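# quick one, structure for this:
(chains A and B)
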There are 2 protein chains.
Amino acid sequence: MNRCGIFDSGIGGISVAREILKANIFDEIIYYGDTARVPYGNKNESTIIRYSLEALEFLKNFDIDFLVVACNTASAVAVEELRREAPFPVLGVIEAGVEALKNEDKNSNILLVGTKRTIKSDKYQKLLQKNGFKNITSIATPLFVPLVEEGLVEGEITDKIFDMYFEGIDKEKIDIVILGCTHYPFLSKTFKKHFPNAKLIHSGQAIVKMIRDNFNFIQKNKTSIKLFSSDNPEEFKIQAKMWL
Amino acid sequence: MNRCGIFDSGIGGISVAREILKANIFDEIIYYGDTARVPYGNKNESTIIRYSLEALEFLKNFDIDFLVVACNTASAVAVEELRREAPFPVLGVIEAGVEALKNEDKNSNILLVGTKRTIKSDKYQKLLQKNGFKNITSIATPLFVPLVEEGLVEGEITDKIFDMYFEGIDKEKIDIVILGCTHYPFLSKTFKKHFPNAKLIHSGQAIVKMIRDNFNFIQKNKTSIKLFSSDNPEEFKIQAKMWL
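Below is the predicted model:
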């Protein structure tokens, strides 16, 4: 029995869980959302590391073989610490997102969007540069999470907020948009509208590809999922099931 | 030496601290923002009570004589528990907000806005009804907090989000708007534009009035303030000073 643990600050990582579920490479997913302390995006690095290590301790109880850090903010600051403490492989969405670009032209115009903390951490940018990419624009878009949570994934208000954040950017020239926050794939339709020539990089799909390429998990018939959260478990389950 | 403790889930309570500072009824304010776990608005009642009692323990170290619960969500669910544990008076923004209406016509059309948790708690609504008010419309407006935090306190996007939340409401007929979240006073200009005939109830001003009316604190020459937060203290101080 192969079990994959997924850790996220809240509900957003469900967009990653959905892709791993569809891939059928594990028997079971154990998802833990730290809803009692969400969001991580505006918190201190040492606090995020502490919360992440607590999540690891919780997930260790389930005999997992693999840990996916679905939260971009935790991936930006806590993956090394988690790897040091975990007796199994740990994979973060940032590494996976950059790995997904390995066959792309190094001169591509890349737009990276995420929370303030993810953008400020500079982790994506450094990893992209290390992989030879030169043309990177990064923009923090903190209103996108509440927009998704309010269900405003498209429409006039969403378009105007896109116009505000991406003012001054030649949208047609963007080749790749990295959706650097687990909530953002729910805005895919609006991203495609505003960046008609761009390929969207979705953390969940990137994680699945990286697991397939680097680990030998046997294809299964079906993956089941168990959901846990540090607060509001009932409400969390209802919302998670809706998103799945 | 009279000290007032102010507890909020984060930075929003600064709008309350500012009014208490201006009033000069204490020698010192000790402000504690639980930025490591902000926001409270979407968390469970028992979790919010636990966090509030921890804040009380912290503030007890400063020999305070009075506690103001600036967070509407904590006021909605934790004031009774705080009062049971505190050796000094505890005042919440909800009681103060309703008290501020005591001379208003009971037939006034009241619009109450706040976070999902505050609105769902029904505490404002019940207290308003207990005080004889009959015409109450309550609307959860979760996008207002991120709007304020992004500095979008007026303009086209803000207007469109107001139009969305208040669609179907006869705005000219609203007599009183209760700003049921500490972030909302920063949106006062937009509220006045959309509700031209309404009186805005601001928690900070309501708290000051209630303290003056009910407690005998001597007028001081100057109030000083000390700021504490459970995370990002430096960033918190910079932002708080800007808002003050």
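# and the nearest residue to A:Phe195 once chain neighbours are set aside, how many residues sit next to it?
Nearest residue to A:Phe195 in three dimensions, chain neighbours excluded: A:Ile174, at 4.9 Å (Cβ to Cβ, 6 or more residues apart in numbering or on different chains). Quick note: C-beta positions are derived from backbone N, CA and C, even for glycine. A:Ile174 is flanked by 22 other residues according to other Cβ atoms under 10 Å in any protein chain shown.
# I'd say A:Phe217 and A:Asn2 touch.
Yes: between A:Phe217 and A:Asn2 there is a contact under Cβ atoms under 8 Å: 6.0 Å.
# quick check: neighbours shared by the two?
In the contact map built from Cβ atoms under 8 Å, 6 or more residues apart in numbering or on different chains, the residues linked to both A:Phe217 and A:Asn2 are A:25-26, A:66.
# which members of the residues you listed occur in strands, if any?
A:Phe66 (DSSP state E).
# most surrounded residue in the shared contacts of A:Phe217 and A:Asn2?
Neighbour counts for these were taken using other Cβ under 10 Å; the highest belongs to A:Phe26, with 25 neighbours.
# residues from chain A in reach of chain B?
Counting by Cβ under 8 Å from any Cβ of the partner chain, the residues of chain A lying close to chain B are A:35-38, A:42-44, A:47, A:142-143, A:145-147, A:149-150, A:156-157, A:160-161, A:164, A:231-232.
# buried subset of the residues you listed?
Using 16 or more other Cβ atoms under 10 Å in any protein chain shown as the burial test, those include A:35-38, A:42-44, A:47, A:142-143, A:145-147, A:149-150, A:157, A:161, A:231-232 as buried.
# give me the three-state assignment for A:Val177.
For A:Val177, the secondary structure call by DSSP: H, G, I helix; E, B strand; the rest coil comes out as strand.
# and it, how many neighbours?
23.
# looking at chain A, which helix is longest?
Ranked by residue count under DSSP state H, the longest helix found in chain A is helix A:45-60.
# what sits against the residue of chain A found nearest chain B?
For chain A, the residue closest to chain B is A:Pro146, as judged by Cβ to the nearest Cβ, at 4.5 Å. For A:Pro146, the contacting residues are B:142-143, B:145-146, taking Cβ under 8 Å, 6+ apart as the criterion.
# out of those residues, who's nearest chain A?
Top of the list for closeness to chain A, among those and by Cβ to the nearest Cβ, is B:Pro146 at 4.5 Å.
# tell me which element the closest one is part of?
According to DSSP states H and E, B:Pro146 maps onto helix B:144-149.
# give me the pLDDT value at the spatially most central residue of chain A.
Residue closest to the average C-alpha location in chain A (Cα atoms, centre = their mean): A:Thr182, at 3.9 Å. The per-residue pLDDT reported for A:Thr182 equals 91.
# same thing with A:Ile161?
Taken from the predicted model, the pLDDT recorded for A:Ile161 is 98.
# show me what contacts it?
A:143-144, A:147, B:157.
# helices of chain A, start to end?
Counting by DSSP H, chain A forms helices over residues A:14-23, A:45-60, A:72-85, A:93-99, A:116-121, A:123-130, A:144-149, A:156-165, A:188-194, A:203-214, A:233-243, given from the N-terminal end onward.
# dump those helices to JSON lines, plus distance to B:Gly92.
Output for these, formatted as JSON lines (distance: least, Cβ to Cβ, whole Å):
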{"stretch": "helix A:14-23", "distance to B:Gly92": "35"}
{"stretch": "helix A:45-60", "distance to B:Gly92": "27"}
{"stretch": "helix A:72-85", "distance to B:Gly92": "32"}
{"stretch": "helix A:93-99", "distance to B:Gly92": "40"}
{"stretch": "helix A:116-121", "distance to B:Gly92": "31"}
{"stretch": "helix A:123-130", "distance to B:Gly92": "41"}
{"stretch": "helix A:144-149", "distance to B:Gly92": "25"}
{"stretch": "helix A:156-165", "distance to B:Gly92": "33"}
{"stretch": "helix A:188-194", "distance to B:Gly92": "40"}
{"stretch": "helix A:203-214", "distance to B:Gly92": "41"}
{"stretch": "helix A:233-243", "distance to B:Gly92": "24"}
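# from A:Ala55, how far off is A:Glu85?
Remark: distance between A:Glu85 and A:Ala55 (Cβ to Cβ, to the nearest Å) = 11 Å.
# neighbour count winner among the two?
A side-by-side neighbour count of A:Glu85 and A:Ala55, using other Cβ under 10 Å, places A:Ala55 first with 26 against 13.
# find the nearest non-adjacent residue to the more buried one, please.
Taking Cβ to Cβ, 6+ apart, and ignoring the residues beside it in sequence, A:Ala55 has A:Phe7 as its nearest neighbour in space, at 4.5 Å.
# doesn't A:Leu59 make contact with that neighbour?
Yes: checked against Cβ under 8 Å, the pair A:Phe7 and A:Leu59 is within contact range at 6.5 Å.
# shared neighbours of the two, which are they?
The contact lists of A:Phe7 and A:Leu59 share A:32, A:67, where a contact means Cβ under 8 Å, 6+ apart.
# more neighbours: which of these two?
Neighbours were counted for A:Phe7 and for A:Leu59 using other Cβ under 10 Å; A:Phe7 has more, 28 against 22.
# list the contacts of the more buried one.
Contacts here follow Cβ under 8 Å, 6+ apart; on that basis A:Phe7 touches A:13, A:32, A:34, A:52, A:55-56, A:59, A:67-71, A:74.
# now do A:Phe62 against A:Tyr32, distance only.
Distance check for A:Phe62 against A:Tyr32: by Cβ to Cβ, it reads 9 Å.
# which residue comes closest to A:Lys102 once chain neighbours are left out?
A:Asn131 (7.1 Å).
# what's near enough to touch that neighbour?
For A:Asn131, the contacting residues are A:98, A:101-102, A:106, taking Cβ under 8 Å, 6+ apart as the criterion.
# do the same with A:Glu99
With contact taken as Cβ under 8 Å, 6+ apart, A:Glu99 is in contact with A:206, A:209-210, A:213.
# tell me the one of the contacts of A:Pro146 nearest B:Ile169?
When the contacts of A:Pro146 are ranked by distance to B:Ile169 (Cβ to Cβ), B:Leu143 comes first, at 16.4 Å.
# what sits against the closest residue to A:Lys237 other than its chain neighbours?
Take A:Lys237 and drop its neighbours on the chain: the residue closest to it by Cβ to Cβ, 6+ apart is A:Leu227, 5.5 Å away. Neighbour list for A:Leu227: A:31, A:33, A:233, A:236-237, A:240 [criterion: Cβ under 8 Å, 6+ apart].
# partners of A:Leu227 in the sheet?
As for beta bridges, A:Leu227 partners with A:Tyr31 under DSSP bridges.
# how close does it get to A:Gly13?
In this structure, A:Leu227 and A:Gly13 are separated by 11 Å, where distance is defined by Cβ to Cβ.
# and for these two, which residues touch both?
The contact sets of A:Leu227 and A:Gly13 overlap at A:31, A:33 (Cβ under 8 Å, 6+ apart).
# what about the nearest residue to A:Ile30 once chain neighbours are set aside, neighbour count?
In space, not counting the residues next to it along the chain, A:Ile30 is nearest to A:Phe62; the distance is 4.6 Å by Cβ to Cβ, 6+ apart. The number of residues packed around A:Phe62, counting by other Cβ under 10 Å, is 13.
# many thanks, we can stop here.
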